[in-house]
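>>> Got a sequence here, can you model it:
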Amino acid sequence: MKDVQESFEQIFEDVLVSGEPVEILKETGNAILVSEEVWRGMTETLSLVAIPDMRESIRSGMREPIADTAKGLDW
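Numbering: from 1, shown residues only. Predicted structure coming up:
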């Protein structure tokens, strides 16, 4: 059991350092292990694209050259 715990701790550390998800495969089902930072990014992205017209607004903003963007906020 100690070998399993040490292996998991190494896998956990790898996920935290690399930011890459790890697939955990079992006969009864599969899971994905991701860092908290990746998880929060994924859930934030899903929340944003769930807002009507937000996806296109983001895409439009990504196409706009940085030099053409506002220097300050008007609110």
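>>> Now do the phi/psi pair for Ile51.
Main-chain torsions, Ile51, degrees, to the nearest 10: phi -80, psi 130.
>>> What about it, how many residues nearby?
Here the count is done by other CB atoms under 10 Å, and Ile51 has 10 residues near it. Glycine gets a C-beta too; all of them are placed from N, C-alpha and C.
>>> ditto for the one 10 residues further on
By the other CB under 10 Å criterion, the neighbourhood of Gly61 contains 9 residues.
>>> Likewise for Val38?
Neighbours of Val38 under the rule other CB under 10 Å: 16.
>>> ok now the helix or strand hosting Asp3, how far from the chain's centre?
According to DSSP states H and E, Asp3 maps onto helix 2-18. Relative to its chain's centre, helix 2-18 lies at 19 Å (CA atoms, centre = their mean, to the nearest Å).
>>> Which secondary structure elements does that helix sit against?
Contacting helix 2-18 under the criterion 3 or more CB pairs under 8 Å, 6 or more residues apart in numbering; DSSP states H and E are the following elements: strand 22-26, strand 29-33.
>>> can you list those in a markdown table and add distance to Glu6?
Formatted as a markdown table, the helices and strands packed on helix 2-18 follow (distance: least, CB to CB, whole Å):
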| stretch | distance to Glu6 |
| --- | --- |
| strand 22-26 | 16 |
| strand 29-33 | 16 |
